[in-house]
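prediction below, plus the sequence it came from.
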Amino acid sequence: MSDVKKRIVQIAKMLFAAATVAKVITIVLMVVTCLQIAAAFSIKVPALTGFFDGHISQIESVLGRSTVFEILFQSANLSAMEPVYTKAIELFITFLSLLVLLYYIGFFKKLIRRIVEEGQPFSAEAARHMRENSWGLLLLALVNPVLGLLMFLLFRFFSLVFEYGAYLQDKAGETSRIQEEVIVSLAEITENKSEQTGQHIRRVSEYSKILAQQMGLPEEQVESLRLASTMHDLGKLMIPSEILDKPGRLTDAEFAEIKKHPGFGEHLLHNVEGETMTLARQIALEHHERYDGKGYPNGETGEEIGLESRIVAVADVYDALTSRRSYKDAWDPKVAYDEIVRCSGTQFDPKVVEAFVAAYDQIDAVRKEYADDHIANKAA
Ligand SMILES: [Fe+2]
Ligand SMILES: [Fe+2]
């Protein structure tokens, strides 16, 4: 979607430039028309006679002969007039048409500028403006009825396209808002399932965002990852609390049970649609996979594991190490940092670890900002 938006903005920029050129040409034609009117009258001034000769036929070849003028000319009154006046009237009508054109070029430029500046191709307001302003285009019929009618219909058509586009844009916004609300609720439910997780979900989400930004992922993908990563442990909802909250070491059977949570998470998100939810499903399933293929549940290797899951894997482990759990104390952040670096290329994607090292100051700041209460108390 962001690519489409970028292309629309690029095209809008080109259209803006073309409209500026059209505006300059229209202004030049208007000046020429004024000069023609002056020239038509100056025929009577001997010093200027012939100065503008030939220009009237030139401007006629550019704009065509005014239809209204033709109709007027056919009437007895006008055809009886002196040629200089008939020519002046014709040129004046042409001038008015150019004025109308100038107004619409300005209108068009304003519309395009909004697309360039806000990156929102459609708006209901723009549609309304187009509709309201379309009537003036009928004035172009002064020069050419076909042109006037065509421009009028085109404006009406595009006002409808804009209206429909704005409606779809709103719907898309609403869908992503609903998605976000559902995601936040699911994350809160997961958080409440085990008191021990504390701010784990928030920190993993923030770490993932920092890593993705450091790796140069596009802004929309970063935002999607930030949200989707909050659901990485969703499958833990299906794990009995006695196992999740068990103080001390887990038995092999209990650990085997815990290892089912990626599959459960994937299953819980099985029927959801939407970019972020699909990503959440992938992350829920893959966040315990290892770069060397020794992870679970599917033993995927290297880039078989989605990039976002490889990012969350680093964020998740770093946070698990630096947090206190029922079975272990929190590691010193420096030791946890060294552990992440040590596992580059085995447990973790080296590119993600590289980003972790580069952005460590930001990660450390997030760790301090969202410290679990008991850790904060300990530090205090
Ligand atoms: Fe997990
Ligand atoms: Fe986790």
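Yep, that arrived. Numbering: from 1, shown residues only. Ligands and ions are numbered 1, 2, ... in the order given.

separation between the closest residue in space to I305 that isn't next to it in sequence and ligand 2?
Sequence neighbours aside, E289 is the residue nearest to I305 in space, at 4.6 Å (criterion: CB to CB, 6 or more residues apart in numbering). Yep, even glycine has a C-beta here, placed from its N, CA and C like the rest. Computed as CB to the ion, to the nearest Å, the E289 to ligand 2 distance reads 13 Å.

anything in stretch 223-243 near ligand 2?
Yes. Stretch 223-243 comes into contact with ligand 2 (CB under 5 Å from the ion), by way of D233.

just the buried positions in that stretch, please.
223-237, 239, 243 (16 or more other CB atoms under 10 Å).

now that stretch - C-alpha only, CSV.
Extracted C-alpha coordinates of stretch 223-243, given in CSV (Å, rounded to 0.1, in the frame of the first residue of the first chain):
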residue,chain,number,x,y,z
GLU,A,223,4.8,-0.1,12.8
SER,A,224,3.2,-3.4,11.7
LEU,A,225,6.0,-5.3,13.5
ARG,A,226,5.7,-3.1,16.6
LEU,A,227,2.1,-4.2,16.9
ALA,A,228,2.4,-7.8,15.7
SER,A,229,5.2,-8.5,18.1
THR,A,230,3.0,-7.8,21.1
MET,A,231,1.2,-11.1,20.3
HIS,A,232,4.3,-13.3,20.1
ASP,A,233,3.4,-15.2,23.2
LEU,A,234,-0.3,-15.4,22.6
GLY,A,235,-0.1,-19.2,22.6
LYS,A,236,0.8,-19.0,26.3
LEU,A,237,-3.0,-18.5,26.9
MET,A,238,-3.3,-22.2,26.2
ILE,A,239,-0.6,-23.2,28.6
PRO,A,240,-1.8,-24.0,32.2
SER,A,241,-0.8,-21.3,34.7
GLU,A,242,0.7,-23.9,37.1
ILE,A,243,3.4,-24.5,34.4
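
care to break this structure down by domain?
2-121, 194-379 (automatic domain parsing).

next one: the longest one to chain centre, how far?
This points to domain 194-379. 28 Å (CA atoms, centre = their mean, to the nearest Å).

what mean pLDDT does stretch 239-259 get?
Across stretch 239-259, pLDDT averages out at 88.

what residues of that stretch count as buried?
In stretch 239-259, counting by 16+ other CB under 10 Å, buried: 239, 243-244, 254, 257-258.

dump those into JSON lines; add secondary structure and distance to N192 as well.
Compiled in JSON lines, those are given as follows (DSSP: H, G, I helix; E, B strand; the rest coil; distance: CB to CB, whole Å):
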{"residue": "I239", "secondary structure": "coil", "distance to N192": "14"}
{"residue": "I243", "secondary structure": "helix", "distance to N192": "17"}
{"residue": "L244", "secondary structure": "helix", "distance to N192": "12"}
{"residue": "E254", "secondary structure": "helix", "distance to N192": "21"}
{"residue": "E257", "secondary structure": "helix", "distance to N192": "20"}
{"residue": "I258", "secondary structure": "helix", "distance to N192": "18"}
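
so of the buried residues of stretch 223-243, which ones are in strands?
Per DSSP state E, strands hold no members of those.

so what's the residue nearest to I305 up against?
295-296, 298-300, 305, 309, 313 (CB atoms under 8 Å, 6 or more residues apart in numbering).

how about 6 Å then?
295, 300, 305 (CB atoms under 6 Å, 6 or more residues apart in numbering).

go through these and name the one nearest L99.
Taking CB to CB as the measure, L99 lies nearest I305 of the contacts of E289, at 63.9 Å.

quick one, phi psi at that closest one?
phi -80, psi 130 (degrees, to the nearest 10).

for K328, same thing?
Torsion angles, degrees, to the nearest 10, at K328: phi -160, psi 160.

now it: how far from V28?
Distance, K328 to V28, using CB to CB, to the nearest Å: 79 Å.

could I get the full set of helices for the stretch 201-350 of the chain?
Using DSSP state H, counting those that start in this stretch, the helices of the stretch 201-350 of the chain run over 219-228, 241-244, 252-258, 261-268, 275-286, 307-322, 333-342, 350-358.

could you tell me the least trusted of those?
Among the helices of the stretch 201-350 of the chain, helix 241-244 scores lowest, at a mean of 86.

interface residues of the stretch 201-350 of the chain facing ligand 2?
233, 316.

contacts for stretch 171-184?
227, 274, 276.
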